[in-house]
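J.: 3D, please:
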Amino acid sequence: MTRPITAGVDGTAESLAALDWAAREAVRRDLPLRVVHAWRYAEALATADRDTQHGWVSEGVSAAVRGVRERHPELRVSVDVVEGGAADALAAAEAEMLVLGSRGHGPVVGFLLGSVGQQVIAEAARPVVLVRAGDRPTAEAAGRDVVVGQHGGAEDSAGALRFAFETAAARGATVRAVRAWTLPPVFAYSPGSMKLLDDAGGLEPYERQALADALRPWRERFPGVPVAEHVEMGSAGEVLLSVAGRAQLVVVGRRAHRTAVGARIGSVAHGVLHHADCPVAVVPHE
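T.: Next up, the predicted model:
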């Protein structure tokens, strides 16, 4: 079954920007677009019954979708107006990816994640893309890279790398793969780890080789996608943000398993979401 790209719409400027982003991506990938709006019956509006309120909501969503259909007449679009919580409706969606809007006030403050966005990112089994209200399609055609964070072994970032390469292939863009490293604590050294470092020629060559190994299968699968490798000492979030200034999209991973306090976004994804000035994709992995 072909999964659609699903956009959550609530009438705000940021959600309309997310809808436009999702529509463009659906056209590139030849996928259908599903537009979801979740609403709750407002009993305080005594003069408007449930059907009337539903009609108001449906008309607002239809107006936004009309613009998308005019700009992309070849796009297959479906609309779901559901009663209930937005986070639950979106997180449970069977989608290739979920696209949401997020308020932003410039590159310093960055994204302001509401409770819906946080819950969807933490709970969704599919990639979630956050888009600012000021996002413009020109940024996607300005030669900017798709930046992706890689960490650990080859399997640890496979989901994020897959998403980055698929996106870059659809856009004719370069993947800029970023790996950050720090000096390990003294007690982390062992005879086995020391041998690995000696064989690699030191810490930085070891990290560069680890990134090259993780990228190898994706380079083979997407031979037409240019790749730039960036290895730098520092915290993962800071290194990613340092190279994201001219990115058209930043892709980060998050662990999908739940902790004792529930699902979490993760510190790196959280930092990038709050400070990047371009759309950010958060991809879950085991």
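J.: switch to C-alpha atoms for all contacts and neighbour counts from now on
T.: Fine.
J.: quick one: the strands in the chain?
T.: Listed from the start of the chain, the chain has strands (DSSP state E) covering 5-8, 33-39, 77-83, 97-101, 103-104, 111-112, 128-131, 145-149, 175-181, 227-233, 247-255, 280-285.
J.: contacting residues for Val77?
T.: Residues counted as contacts of Val77 (Cα atoms under 8 Å, 6 or more residues apart in numbering) are 32-35, 69.
J.: now, of these, which are buried?
T.: Of all the contacts of Val77 considered here, the ones buried according to neighbour count by 16 or more other Cα atoms under 10 Å are 32-35.
J.: mind putting the residues you listed in CSV, pLDDT and distance to Glu232 included?
T.: Supplementary listing: the buried ones among the contacts of Val77 in CSV, determined by pLDDT from 0 to 100; distance: Cα to Cα, whole Å:
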residue, pLDDT, distance to Glu232
Pro32, 97, 39
Leu33, 97, 38
Arg34, 94, 39
Val35, 93, 40
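J.: in TSV: the residues you listed, plus distance to Val272.
T.: Converted to TSV, the buried ones among the contacts of Val77 look like this (distance: Cα to Cα, whole Å):
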residue	distance to Val272
Pro32	29
Leu33	26
Arg34	27
Val35	26
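J.: tell me the domain boundaries of this protein?
T.: The chain is divided into the following domains under automatic domain parsing: 1-135, 142-286.
J.: ok, of the ones you listed, where does mean pLDDT dip lowest?
T.: Ranked by mean pLDDT, the domains of the chain bottom out at domain 1-135, which scores a mean of 80.
J.: gap between the closest residue to Gly143 other than its chain neighbours and Val272?
T.: Ranked by Cα to Cα, 6 or more residues apart in numbering and with sequence neighbours excluded, the top spatial neighbour of Gly143 is Ala173, at 6.9 Å. Look at Ala173 and Val272: by Cα to Cα, to the nearest Å, they are 21 Å apart.
J.: neighbours of Glu220, how many?
T.: Counted with other Cα atoms under 10 Å, the neighbours of Glu220 add up to 10.
J.: look up the residues forming beta bridges with Thr6.
T.: Thr6 has these beta-bridge partners by DSSP bridges: Arg34, Leu98.
J.: any idea how far it is from Ala168?
T.: As for Thr6, its distance to Ala168 is 19 Å (criterion: Cα to Cα).
J.: neighbour count for these two, which is higher?
T.: Neighbours per residue (other Cα under 10 Å) separate Thr6 from Ala168, with Thr6 holding more: 29 against 24.
J.: ok, the more buried one - contacts?
T.: Counted by Cα under 8 Å, 6+ apart, Thr6 has contacts 22, 33-36, 93, 95-99.
J.: which of the residues you listed are buried?
T.: Listed as buried from those are 22, 33-36, 93, 95-99; burial here means 16+ other Cα under 10 Å.
J.: now render the residues you listed as JSON lines, adding distance to Gly134.
T.: Output for the buried ones among the contacts of Thr6, formatted as JSON lines (distance: Cα to Cα, whole Å):
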{"residue": "Ala22", "distance to Gly134": "15"}
{"residue": "Leu33", "distance to Gly134": "21"}
{"residue": "Arg34", "distance to Gly134": "22"}
{"residue": "Val35", "distance to Gly134": "20"}
{"residue": "Val36", "distance to Gly134": "21"}
{"residue": "Ala93", "distance to Gly134": "26"}
{"residue": "Ala95", "distance to Gly134": "25"}
{"residue": "Glu96", "distance to Gly134": "24"}
{"residue": "Met97", "distance to Gly134": "21"}
{"residue": "Leu98", "distance to Gly134": "19"}
{"residue": "Val99", "distance to Gly134": "15"}
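J.: ok, so of those, who is nearest Asp10?
T.: Val36 (8.6 Å; Cα to Cα).
J.: I figured the closest one hits Gly11, correct?
T.: No - under the criterion of Cα atoms under 8 Å, Val36 makes no contact with Gly11, lying 11.2 Å away.
J.: what's in contact with stretch 26-41?
T.: Outside of stretch 26-41, the residues that reach it under the criterion Cα under 8 Å, 6+ apart are 2-10, 19, 22-23, 50, 53, 57, 61, 65, 72, 74-86, 89-90, 170-171.
J.: and what of stretch 149-164?
T.: The contact list for stretch 149-164, computed with Cα under 8 Å, 6+ apart, reads 146-148, 175, 177-180, 210-211, 213-215, 218, 236, 240, 251-253, 282-286.
J.: switch the cut-off to 6 Å
T.: 178-179, 214, 252-253, 283 (Cα atoms under 6 Å, 6 or more residues apart in numbering).
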